[in-house]
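Novice: here's my sequence, what's the structure:
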Amino acid sequence: MKFGKRLKQQIEQSLPGWRDYFLSYKDLKKLVRLISSASPPLECGKAEAEFVCLLNDEIDKFNSFFMEQEEDFIIHHKELQQRIEKVMENGSEKDYKEELAKIRKDIVNFHGEMVLLMNYSNINYTGLAKILKKYDKRTGGVLRLPFIQKVLEQPFFTTDLISKLIKECENTLDSVFPPSVSSDAGTLRGEKEALALAGEGIFQNTVAALLTMQEMRRGSSTHSHFSLPPLKFPDSDILHTLQILPPIQIP
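Specialist: Numbering: from 1, shown residues only. You can find the predicted model right below:
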């Protein structure tokens, strides 16, 4: 699948409020075509400056959005922990079960949003690497290496904190809502359906994001130092359940 089509698919599968914050890949492609076909040096230089300016604007856009989401996730994670502590200490058995069910649903949604943010980082980095490769190939320039080195230091590319929150989220699910000991296919499908219903619409988006990240990070004959490293999520029951079976349809 061509990257432009993959990006469009990922944008459609993202949360509605996120869709304006992905890479403007079409605009960058148009500028690359303009630069490669420009004959007067002045016109070429003008288009190249516009291309670099747009790249920098895109990075600023990624960073601003990513850091805002990251801050929200930190706050939400603390709130979920406080809710769990509160329900464990107080309330009748009925209130306890009802509140825990609500918390479980919120944790599954929260986990899904964090996976989507990881995918947001991956897909936008990949798009930048691809458009810079296209630029160098068509113009004979050498913009890719220095620009990617700059990108690797950007907040939107640094996902260590999100990975840590994902792990803590999964630990909470495993400890507060322990999975069934059985691992047969019927049990796994039942667990997956329960997770899907708990997470509602975000479930399928999360599965699609996981599959996309795995595919983009999978080693191939074209692997280079510009490629993303292999995907390494924690060995958790929730991710295993999400990945082991094909997507199910949610009515």
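Novice: and the pLDDT for Asp235?
Specialist: For Asp235, the pLDDT comes out at 46.
Novice: so which residues of the stretch 51-200 of the chain form helices?
Specialist: Per DSSP state H, counting those that start in this stretch, the stretch 51-200 of the chain carries helices over the ranges 93-139, 144-151, 160-176, 185-199.
Novice: hey, which of the ones you listed is tucked in deepest?
Specialist: helix 93-139 (a mean of 19; mean count of other Cβ atoms under 10 Å). C-beta coordinates here come from the backbone N, C-alpha and C atoms, glycine included.
Novice: so who does Phe147 touch?
Specialist: Going by Cβ atoms under 8 Å, 6 or more residues apart in numbering, Phe147 touches Leu55, Leu128, Leu132.
Novice: wait, which of those residues is closest to Leu80?
Specialist: Ranked by distance to Leu80 (Cβ to Cβ), these are led by Leu128 at 33.0 Å.
Novice: shaky segments in this structure?
Specialist: Counting by pLDDT under 70, the chain shows low-confidence ranges at 39-43, 91, 178-251.
Novice: which one of the helices of the stretch 51-200 of the chain lies nearest to Ala47?
Specialist: Evaluated with Cβ to Cβ, the helices of the stretch 51-200 of the chain place helix 93-139 nearest to Ala47, the distance being 9.7 Å.
Novice: between helix 144-151 and the closest one, find me the angle.
Specialist: With axes from the mean of the first three to the mean of the last three Cα atoms, to 10 degrees applied, the angle from helix 93-139 to helix 144-151 works out at 160 degrees.
Novice: distance between the ends of stretch 10-18?
Specialist: Start and end residues of stretch 10-18 are separated by 11 Å (Cα to Cα, to the nearest Å).
Novice: buried residues, that stretch. List them.
Specialist: Buried residues in stretch 10-18, defined by neighbour count with 16 or more other Cβ atoms under 10 Å: Gln10, Ile11, Gln13, Ser14, Trp18.
Novice: what separates the closest residue to the last one other than its chain neighbours from Glu79, distance-wise?
Specialist: I take that to be Trp18. Spatial nearest neighbour of Trp18, chain neighbours left out: Tyr120 (6.8 Å); criterion: Cβ to Cβ, 6 or more residues apart in numbering. Distance from Tyr120 to Glu79, counting by Cβ to Cβ, to the nearest Å: 22 Å.
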